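*Asks:* Okay, here's the prediction I keep looking at, along with the sequence it came from:
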Amino acid sequence: MASSHSHSIADIKGAKVLMVGAGGIGCELLKTLALSGFRDIHIIDMDTIEVSNLNRQFLFRQSHVGQSKAKVARDAVLKFRPDISITSYHANVKDPDFNVDFFKQFSVVLNGLDNLDARRHVNRLCLAADVPLVESGTTGFLGQVTVHVKGKTECYECQPKPAPKTYPVCTITSTPSKFVHCIVWAKDLLFAKLLGDKNQENDLNVRSSDAASSSENVDDVFERRKDEDIEQYGRKIFDHVFGYNIELALSNEETWKNRYRPKPIYSKDVLSEELAPQNGNVDENHASDGGLSVSAMASLGMKNPQDIWSVNESSRIFLEALRLFFTKREKEVGNLCFDKDDQLAVEFVTAAANIRAASFGIPLHNLFEAKGIAGNIVHAVATTNAVIAGLIVIEAIKVLRNDIKSYRMTYCLEHPSRNMLLMPVEPFEPNKSCYTPLSLEINTNRSKLKDLVEKIVKAKLGMSLPLIMNASSLLYEAGDVEDDMVAIYEANLEKVLAELPSPVTGGTMLTIEDYQQELKCNININHREEFDEEKEPDGMVLSGWTQPVSAPENKDKSIGNGASTSDATIAAAESEKDDDIGIVSPLKKRKLPDDSDISKAAAETKNHKQLQVIDDEDDLVVLEGNLDGFKKRRL
């Protein structure tokens with residue numbers, strides 16, 4: 001026993017470890033590694049510290065807000081372990097510097113990431129560099145730690161990941177029945193229309209312009225006229241989206257036969273007096289500095305995010321938020337994206353969602369709850385992060401000792417299953433069909449090369465710096481490209497596939513590589529004329545891929561997300577407590593320890609898919625399946 005103990009100490013002391021992510025799991029992991037005797041640790045994280053991190057990322061303090069997570073985490077741990085070496089990189093793990101050669105120098109890689117895209121990328125680099133990966137994630141009370149060793153266990157992408165919840169646009173625009181539908185409407189349609197990119201297609205006007213209505217100005221109702229003051233403009237928008245559009249919808253009697261009939265709401269009905277900030281000058285004290293600190297609640301003297309606003313209060317917040325965007329933050333109007341850390345954006349979306357909910361007879365929610373739904377937040381639990389970090393270190397030590405028989409995938413459950421909160425399971429074998437030739441149905445006479453690159457190569461295949469070849473002809477290359485080729489590739493991106501210098505038509509086989517990930521795959525192109533806009537919004541269908549998809553909120557904004565908000569479906573995570581999201585048992589097909597209790601749990605949950613906990617950073621994970629198997633066990 002003593003010799004194996006000294007053996008593992010030597011393994012730990014000589015190991016060079018790469019940690020990716022210094023957030024909720026990362027802070028706990030770095031602390032545990034340092035206290036377990038690891039002496040050479042490298043950390044990569046692109047994020048800076050936000051106030052909302054401080055409740056669970058215990059290496060950070062108020063004074064660190066705005067600084068690099070990786071650097072501050074390093075400094076904090078060196079204070080109590082000054083004799084070890086910690087190297088921090090304030091950078092994106094997808095940067096070209098972190099290539100296969102960089103990964104090859106490490107004994108093991110440990111992930112504490114918050115998005116699928118970066119996870120896929122690290123998985124591929126570990127496969128290419130032949131370095132073991134210990135992967136992890138938490139969502140509230142749920143968590144998992146999985147071990148991925150090339151050739152010995154499945155890789156991170158061997159199992160398909162659950163897709164984010166999506167809602168048909170017709171539900172969002174016409175017949176909302178849950179509060180989450182109102183949030184998605186307020187965030188992805190109204191906020192985007194008024195404050196985002198003006199050129200985006202948007203469904204808010206569809207109902208109005210289709211109607212045989214005599215209103216000439218319907219199409220430009222969202223444009224603010226030169227002579228229009230912001231109060232007039234705000235009321236015009238209010239009356240259009242909460243009043244006129246609802247009246248228009250009501251004119252279609254068929255829709256409301258078996259549904260709640262919505263009530264139009266006009267500003268004159270809910271706001272009698274002219275809008276003036278309460279207490280006269282409160283506004284100036286709170287909103288004069290501009291930026292993310294501007295708040296409609298503050299300027300109206302409303303303080304508690306747990307209060308549910310009345311329709312009158314929501315209406316005042318809505319108009320005040322709009323006024324503040326156009327007066328204090330006018331430079332940003334036209335290119336704003338919703339951000340859960342932008343107070344004014346959250347106030348605007350909460351108010352708009354509540355007014356719409358009131359119209360459709362849906363219960364109203366407070367700002368705190370609305371922010372959770374809009375930001376796809378599952379509130380983090382610090383102890384879950386600590387448990388998961390401990391399990392990562394245990395698996396890392398087994399990996400360093402090459403103790404393959406002891407590797408375990410461990411799932412942290414919300415409710416004890418036969419007195420067990422941690423469910424250990426033997427790893428899967430690698431999936432032989434992980435990277436097989438793929439096939440893509442696409443209209444080669446209509447779709448451009450750009451569509452293929454954005455919607456398939458980046459969003460679905462998760463490549464960062466792709467290179468695309470048709471036989472020996474190079475159609476496109478990203479990354480460090482010679483100047484004379486840049487213009488050629490740019491021109492190719494805008495061409496329809498069938499009109500490229502080396503035409504791509506039905507029967508063509510494309511080769512796609514990402515040198516950084518050392519990943520290569522072939523795609524067979526099948527020409528198809530028509531696509532169903534609701535079900536196939538991308539206008540193309542990829543098959544043969546296990547389709548890992550990006551989480552709805554992706555910290556890495558530079559690349560396309562798997563969950564695209566298209567004209568036909570709007571991706572939104574459902575964080576209302578529905579059975580749509582349940583815990584998904586890890587037990588399917590996995591070998592279990594010899595324990596009849598666990599076997600029983602396995603039998604009860606054998607139909608569930610694998611648990612996919614996506615992140616630790618307050619971005620929602622969408623879980624499939626249901627709770628039945630575990631509900632029976634609640635005491």
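*Replies:* All right, it came through fine. No experiment lies behind these values; they were computed from the predicted model shown. Numbering: from 1, shown residues only.
*Asks:* just the helices in the stretch 251-400 of the chain please.
*Replies:* For the stretch 251-400 of the chain, the helices identified by DSSP state H, counting those that start in this stretch occupy 267-270, 282-287, 296-299, 311-328, 343-359, 367-374, 382-400, in order along the chain.
*Asks:* and the third one, what other elements does it pack with?
*Replies:* Contacting helix 296-299 under the criterion 3 or more C-beta pairs under 8 Å, 6 or more residues apart in numbering; DSSP states H and E are the following elements: helix 282-287, helix 311-328, helix 343-359. Every C-beta, even on glycine, is put in place using the N, C-alpha and C of the backbone.
*Asks:* Let me have the ones you listed in CSV, adding mean pLDDT as columns.
*Replies:* What follows is the helices and strands packed on helix 296-299, written out as CSV (pLDDT from 0 to 100):
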stretch, mean pLDDT
helix 282-287, 43
helix 311-328, 94
helix 343-359, 96
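*Asks:* out of those helices, deepest packed?
*Replies:* helix 343-359 (a mean of 26; mean count of other C-beta atoms under 10 Å).
*Asks:* tell me what that one is packed against?
*Replies:* Using 3+ C-beta pairs under 8 Å, 6+ apart, helix 343-359 sits against helix 179-184, helix 296-299, helix 311-328, helix 367-374.
*Asks:* Of the helices of the stretch 251-400 of the chain, give the one that comes closest to V169.
*Replies:* Evaluated with C-beta to C-beta, the helices of the stretch 251-400 of the chain place helix 343-359 nearest to V169, the distance being 14.9 Å.
*Asks:* any idea of the angle the closest one forms with helix 367-374?
*Replies:* With axes from the mean of the first three to the mean of the last three C-alpha atoms, to 10 degrees defining the directions, helix 343-359 sits at 90 degrees from helix 367-374.
*Asks:* gap between helix 343-359 and the chain center?
*Replies:* Taking C-alpha atoms, centre = their mean, to the nearest Å, one finds helix 343-359 lying 21 Å from the centre of the chain it belongs to.
*Asks:* For stretch 199-213, the averaged confidence score.
*Replies:* Mean pLDDT, computed over stretch 199-213, is 53.
*Asks:* hang on, I meant stretch 508-521
*Replies:* The pLDDT scores in stretch 508-521 average 87.
*Asks:* Which residue, neighbours along the chain excluded, lies closest to N445?
*Replies:* In space, and not counting its chain neighbours, N445 is closest to A498: 5.2 Å by C-beta to C-beta, 6 or more residues apart in numbering.
*Asks:* was I right about that neighbour contacting V504?
*Replies:* Yes - if you go by C-beta atoms under 8 Å, A498 and V504 touch, sitting 6.7 Å apart.
*Asks:* between these two, which one's more packed in?
*Replies:* Remark: of A498 and V504, V504 carries more neighbours, 27 against 16, as counted by other C-beta atoms under 10 Å.
*Asks:* how near is that one to H42?
*Replies:* Separation of V504 from H42 (C-beta to C-beta, to the nearest Å): 42 Å.
*Asks:* Now tabulate the helices and strands packed on helix 343-359 in CSV and tack on distance to I512.
*Replies:* Below are the helices and strands packed on helix 343-359 laid out as CSV (distance: least, C-beta to C-beta, whole Å):
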stretch, distance to I512
helix 179-184, 33
helix 296-299, 47
helix 311-328, 42
helix 367-374, 35
